[in-house]
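>>> The sequence and its predicted three-dimensional model are supplied below.
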Amino acid sequence: MLKWALLTTLLFPSMTSVSQRFQTLKAQSQCALIPFITAGDPDLETTAKALLVLDQAGADLIELGVPYSDPLADGPTIQAAATRALGRGVKLDDVLQIVRHVAPEIQAPIILFTYYNPIYHRGVKAFFEQIAAAGVKGLVIPDLPLEEADEILAIAQQVGVEVTLLVAPTSPSERIAAIARQSQGFIYLVSVTGVTGARTEVASRVEELLPQLRAVTDKPVGVGFGVSEPQHAQTLKAWGVDAVIVGSAIVKRLAQGTPEEGLAAIAQFCQSLKSAIS
């Protein structure tokens, strides 16, 4: 099984893992910026360009969402983007083709964001072998419960992909500790109860949960859901997070105007977010 991890290393020798990127940033006392975009919105060509633009504009890792018909964790902005992409016929293989071409050209490791059903439909082992061969370095599965994660985590480790688990703001202490033990790459702390989407302020619950996480793990902690302004990113860094994850605010900007205008908008916004946490 380890042959897949070796194969992807040979295919993409310059690519670093999610864990390695966090280790480098920690050594430099830097907070990571992780922007999110939906693959295929407004089109696949723009998605490829957006990955390059975000990488050049300061993204440390990039989360790439696979369009899905029933995105339970996504708010209206990302749902609409996924619906538009699906309407254009965008499929998982199209997304992986983009990764295959772009990943060797950028410094930021690509973290795929997908729900469990497409993984199950393709077959867990086949899915992981295919995304690893394409150059994906991390994976977030928002509807994967901890109790069902063992097989996923084992196969992911065999092929060199790190699966990051989510901690909800309502999680009890025992569950937080269990998720922290199992999560790979980093821990994804959801800032609010509910779906993704831009909000006017950062939930104070994050500040309360961080000490609980620090008490049970030394893994990096990234915070997402609702982060939409440079000030939010600055606040999170001050609270001690290791990564700021920004989705809806970037997806919205990329979809406005022409593709060229959208790319210019996300470049400027990404730079402002990175400046806020530098």
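Good, I have the coordinates. Numbers count the residues shown, from 1 in each chain.

>>> that's a strand at Ile111, yeah?
Yes: checked against DSSP: H, G, I helix; E, B strand; the rest coil, Ile111 lies within a strand.

>>> Which residue is the nearest non-sequential neighbour of it?
If the residues on either side of it in the chain are set aside, Ile111 comes closest to Gly138, at 3.5 Å by CB to CB, 6 or more residues apart in numbering. Using the backbone N, CA and C atoms, a C-beta is placed for each residue, glycine as well.

>>> The one you found contacts Val163, correct?
Yes: with contacts defined as CB atoms under 8 Å, Gly138 counts as touching Val163 at a distance of 7.5 Å.

>>> more crowded one of the two?
Higher neighbour count among Gly138 and Val163: Gly138, with 27 against 24, using other CB atoms under 10 Å.

>>> The more buried one: what's it in contact with?
Residues touching Gly138, when contacts are defined by CB atoms under 8 Å, 6 or more residues apart in numbering, comprise 17-18, 61, 109-112, 161-164, 184-185.

>>> Kindly recompute the last result at 10 Å.
Contact analysis of Gly138 by CB atoms under 10 Å, 6 or more residues apart in numbering lists 17-19, 21, 34, 61-64, 109-113, 131, 156, 161-164, 184-186.

>>> Keep only those of those residues that are in strands.
34, 62-64, 110-113, 162-164 (DSSP state E).

>>> Mind putting those residues into CSV with distance to Val102 and pLDDT?
Shown next, in CSV, are those (distance: CB to CB, whole Å; pLDDT from 0 to 100):
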residue, distance to Val102, pLDDT
Ile34, 16, 98
Ile62, 9, 98
Glu63, 14, 98
Leu64, 9, 98
Ile110, 8, 98
Ile111, 14, 98
Leu112, 13, 98
Phe113, 16, 97
Glu162, 19, 98
Val163, 21, 98
Thr164, 21, 98
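
>>> tell me the centre residue of the chain?
Most central in the chain under CA atoms, centre = their mean is Glu63, positioned 3.2 Å from the mean C-alpha point.

>>> Which residues are in contact with Leu44?
Each residue near Leu44 by CB under 10 Å, 6+ apart is listed here: 85, 88-90, 94-95, 97-98.

>>> Give me the distance between the two termini of stretch 127-147.
End-to-end distance for stretch 127-147, by CA to CA, to the nearest Å: 20 Å.

>>> Kindly report the same for stretch 64-84.
End-to-end distance for stretch 64-84, by CA to CA: 15 Å.

>>> repeat for stretch 62-81
Looking at stretch 62-81, the gap from its leading to its trailing residue is 17 Å under the measure CA to CA.

>>> wouldn't Ser272 be in contact with Ser228 here?
No: the pair Ser272 and Ser228 fails to qualify as a contact (CB atoms under 10 Å) at a distance of 11.7 Å.
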